[in-house]
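J.: Sequence and predicted model, in that order:
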Protein chains: 2
Amino acid sequence: MDSLEDKTVAQLGALAQTTRLAVFKTLIREGSKGMAAGMIASTLSVAPNTLSSHLGILQRSGLVKAERRGRSVIYSVEMDAVSGLIDTLVNDCCAGHPEACAVVDRQATPLVVESDNAA
Amino acid sequence: MDSLEDKTVAQLGALAQTTRLAVFKTLIREGSKGMAAGMIASTLSVAPNTLSSHLGILQRSGLVKAERRGRSVIYSVEMDAVSGLIDTLVNDCCAGHPEACAVVDRQATPLVVESDNAA
DNA sequence: TCGATACTTCAACGATAATCGAATTTACTG
DNA sequence: CAGTAAATTCGATTATCGTTGAAGTATCGA
């Protein structure tokens, strides 16, 4: 019945850990193209099995999704879920006090969008 | 040196627990007026000592501040910190992919703005 | 099919986290 | 000062988390 709160707690918890937050940031930068588990592991210097556990937590929270591609498993961020989480936070935050939250800029300041997507 | 990430992790962790998220929501609704620890405890049916531990975690994360008032200790949300956290999330989220985050509405849908701030 | 490669799962461990009862601190009141 | 009210701190207990080494599951190429 109180499923939204549980989900919110799970998603916040998924991000509330150094390694997982780093994974999340890494995946965000890769966008919809995503990144293979092994690639994430070597990028962040995390043991594959440890990472797998973290990826599982992120995935179960709904913030990240996995897709098998050959021998690799490609992970990518579920953007809708991220938006939903931020939305929940902002709405709780602003409940009854909209002016207090007007601070949020959301100007995105895109960091060095290189010709990353060499498609 | 990587103090922002540590702070972010701490703040996410502070909110990533059922009781603490409930405390946070309760305090948000009270706005700058805040709420005494005992009042929070009875409102949420949490033991005073347990709550005290949770409040400490919220406070140490910077999301909440405490102020002694007579025998009571009044807790209230540190709005700047909340904005900062959301800002961090949004910026990470949108890094390199601004369009992906345009979903966030931020229309705040103010719930029952009573004459709360009787200043 | 055999042998890599890419991940995940399992069992076990040490470290934290959440909660409780009891004791303690701080502040007001008679 | 004694007594009470409001919170916090302490010690102990149980549960969950993060990590590791070893074993297991897919997938591909020779």
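T.: Here it is on my side, so go on.
J.: In chain A, which residue sits nearest DNA strand C?
T.: residue A:38 (1.8 Å; CB to the nearest atom of the strand). Heads up, the C-betas are built off the backbone N, CA and C, glycines and all.
J.: Return the list of helices and strands in contact with the host helix or strand of that residue.
T.: Assigned by DSSP states H and E, residue A:38 belongs to helix A:37-44. Helix A:37-44 sits against helix A:18-30, helix A:48-61, strand A:72-77, with contacts defined as 3 or more CB pairs under 8 Å, 6 or more residues apart in numbering or on different chains; DSSP states H and E.
J.: Any chance of JSON lines for those, columns mean neighbour count, distance to DNA strand D and mean pLDDT?
T.: JSON lines is the format used below for those (neighbours: other CB atoms under 10 Å in any protein chain shown; distance: least, CB to the nearest atom of the strand, whole Å; pLDDT from 0 to 100):
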{"stretch": "helix A:18-30", "mean neighbour count": "19", "distance to DNA strand D": "5", "mean pLDDT": "96"}
{"stretch": "helix A:48-61", "mean neighbour count": "16", "distance to DNA strand D": "4", "mean pLDDT": "98"}
{"stretch": "strand A:72-77", "mean neighbour count": "19", "distance to DNA strand D": "9", "mean pLDDT": "97"}
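J.: Residue A:83 is nearest to which of those?
T.: In terms of CB to CB, the element of these nearest to residue A:83 is strand A:72-77, at 10.5 Å.
J.: Now do residue A:38: how many residues are near it, please.
T.: 13 (other CB atoms under 10 Å in any protein chain shown).
J.: give the contact list for it.
T.: Applying CB atoms under 8 Å, 6 or more residues apart in numbering or on different chains, we find residue A:38 in contact with A:48, A:72.
J.: any idea how far it lies from residue A:78?
T.: 21 Å (CB to CB, to the nearest Å).
J.: which non-adjacent residue is nearest the spatially most central residue of chain A?
T.: Nearest residue to the geometric centre of chain A (CA atoms, centre = their mean): residue A:24, 4.2 Å. Computed as CB to CB, 6 or more residues apart in numbering or on different chains, the closest residue to residue A:24 that is not its neighbour in sequence is residue A:15, at 6.0 Å.
J.: for residue A:10, same thing?
T.: residue A:61 (4.5 Å).
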